[in-house]
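> This is a predicted model, with the sequence first.
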Amino acid sequence: MKTRLIGFSVCIFIIASALGVVEAALQNPVPLTNDDVISLKRAGIGDEVIIQKISSGPTKFSTDAADLIALKNGGISDAVIAAMLKLSSSQAKPETNSDSGVAGIGQAGQGNAPTDVAARDKMMLKVTPPPIVAQKFPPPKSMDEVASACDEDRVNQAKAAAERAFAAVDGATRAKNPTHEIEAIVEANRVVDHADKILRDNFLVCWQHLNFTLDSILSWRRIVEDHETPKGVVQIPRGGFLRVMQRAEEFICLPDPPIKPEQAAKIFVKWAKDHPQWLHESSEVHIYAALYVAFPCKEVEQQ
């Protein structure tokens, strides 16, 4: 029993030390950088404390592909990287539309927005992700799953629960009550494990998937514009076979500069809430359908 209490005391000391480091750091006006995050990790500070520090700002992160690889090689978890990406995206976010949280919604292309049902039906026929993509970033099975992973309120609630759990541990430590310390630590571990899963889902299920979708749309738009398709236009082939083969990406004209995954997530979460009857259907189809309604290209029949 004495050995177990010593072990728990060590846990309490680590947690208290980590919180002390963060409290002192919050008074430092110097922006937090990638190197600072790596240093905090190497000092033994847990993910939840680092995320709290990231959220409190100020920050100056570099989030290019090479920077993300360096963070991963430095031992930074997906949850922490997701928090860095999310904050960087929000700082770079343009003025937003009050309903969708996305700037210039419906103004990228010059076409009239299709109805939600028409968009769903069209994307049902056209969304066919390449096999290699499905292996690298397997899409969630249903719209419900990805919408849940993208739900910002759910993520914030998980973070708040973790903070309350650590506050309970700190309170039990200050009260010098070993029984309450043990109970608080067990509960904190449970809450943090749950919060970690939600943050991982937010990054892996939501952000990476939406980021790949946006990249695919932009890449295909560059291809068609390089082949003399006017900006903001989708040319509809006259032949029936060519119409069937036309990709979903061709019908979506994102604004310039393009929206971020965070903004795409807001569009998609709203779409899912507006259409609970489709929650069991493919998330891939409905991500494209939501973006198609938000940013339709002008459809022009080829001569």
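Yep, that arrived.
> so what's the most centrally placed residue in the chain up against?
Residue closest to the mean C-alpha point of the chain, counted by Cα atoms, centre = their mean, is W207 at 3.2 Å. Residues in contact with W207 (Cβ atoms under 8 Å, 6 or more residues apart in numbering) are 82, 85-86, 261-262, 265. For glycine as for every other residue, the C-beta is placed from the backbone atoms N, C-alpha and C.
> Swap in 7 Å and give it another go.
82, 85, 261 (Cβ atoms under 7 Å, 6 or more residues apart in numbering).
> Doesn't it lie inside a helix?
Yes - assessed by DSSP: H, G, I helix; E, B strand; the rest coil, W207 belongs to a helix.
> domains in the protein, as residue ranges please.
As assigned by automatic domain parsing, the chain contains the domains 1-92, 102-303.
> Name the stretch among the ones you listed that sits most buried.
By mean neighbour count, with neighbours taken as mean count of other Cβ atoms under 10 Å, domain 102-303 ranks first of the domains of the chain at a mean of 17.
> average pLDDT for that one?
Mean per-residue pLDDT for domain 102-303: 80.
> Please list all residues in contact with A149.
201-202, 205-206.
> Name the helix or strand for K266, please.
helix 261-274 (DSSP states H and E).
> which secondary structure elements does that helix contact?
helix 78-91, helix 143-150, helix 208-226, helix 283-294 (3 or more Cβ pairs under 7 Å, 6 or more residues apart in numbering; DSSP states H and E).
> between those helices, which gets nearest to E163?
helix 78-91 (13.6 Å; Cβ to Cβ).
> so for the closest one, what's the average pLDDT?
Mean predicted lDDT for helix 78-91 stands at 75.
> And the helices in the stretch 101-250 of the chain?
Taking DSSP state H, counting those that start in this stretch as the test, the helices found in the stretch 101-250 of the chain are 116-126, 131-136, 143-150, 152-174, 178-201, 208-226, 240-245.
> Compare the ones you listed and report which one is nearest to Y292.
helix 116-126 (4.7 Å).
> I'd like to know which elements that closest one is packed against.
Secondary elements touching helix 116-126 (3+ Cβ pairs under 7 Å, 6+ apart): helix 283-294.
> Moving C-terminal from the helix it packs on, which element do we reach first?
strand 298-301.
> neighbouring strands for that following strand, and are they parallel or not?
Strand 298-301 has its sheet partners listed here by DSSP bridges as strand 233-236 (parallel).
> and the partner strand, how far from the chain's centre?
In this view, strand 233-236 has its centroid 31 Å away from the chain centroid, taken as Cα atoms, centre = their mean, to the nearest Å.
> that older thread, so how far is R222 from the residue nearest to the centre of the chain?
22 Å (Cβ to Cβ, to the nearest Å).
> likewise D151?
As defined by Cβ to Cβ, D151 lies at a distance of 32 Å from R222.
> C-terminal to the helix or strand encompassing D35, what's the next element?
Element membership for D35, per DSSP H and E: helix 34-42. Remark: after helix 34-42, the chain's next helix or strand is helix 47-56, criterion DSSP H and E.
> other SSEs contacting that following helix?
helix 2-25, helix 34-42, helix 78-91, helix 152-174, helix 178-201.
> what angle do the fourth one and helix 47-56 make?
Just to be clear, that refers to helix 152-174. When axes from the mean of the first three to the mean of the last three Cα atoms, to 10 degrees is applied, the directions of helix 152-174 and helix 47-56 differ by 120 degrees.
> And for the third one?
Direction vectors for helix 78-91 and helix 47-56, defined by the same axes, to 10 degrees, enclose an angle of 10 degrees.
> which helices and strands sit right next to helix 78-91?
Counting by 3+ Cβ pairs under 7 Å, 6+ apart, helix 78-91 packs on helix 47-56, helix 178-201, helix 261-274.
> Indicate which one of those is closest to L218.
Once the helices and strands packed on helix 78-91 are compared by Cβ to Cβ, helix 261-274 is nearest, at 11.8 Å.
> about what we covered before: now distance to E250 too, for the helices and strands packed on helix 261-274, in JSON lines please.
Converted to JSON lines, the helices and strands packed on helix 261-274 look like this (distance: least, Cβ to Cβ, whole Å):
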{"stretch": "helix 78-91", "distance to E250": "26"}
{"stretch": "helix 143-150", "distance to E250": "22"}
{"stretch": "helix 208-226", "distance to E250": "6"}
{"stretch": "helix 283-294", "distance to E250": "10"}
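> Thanks a lot, see you next time.
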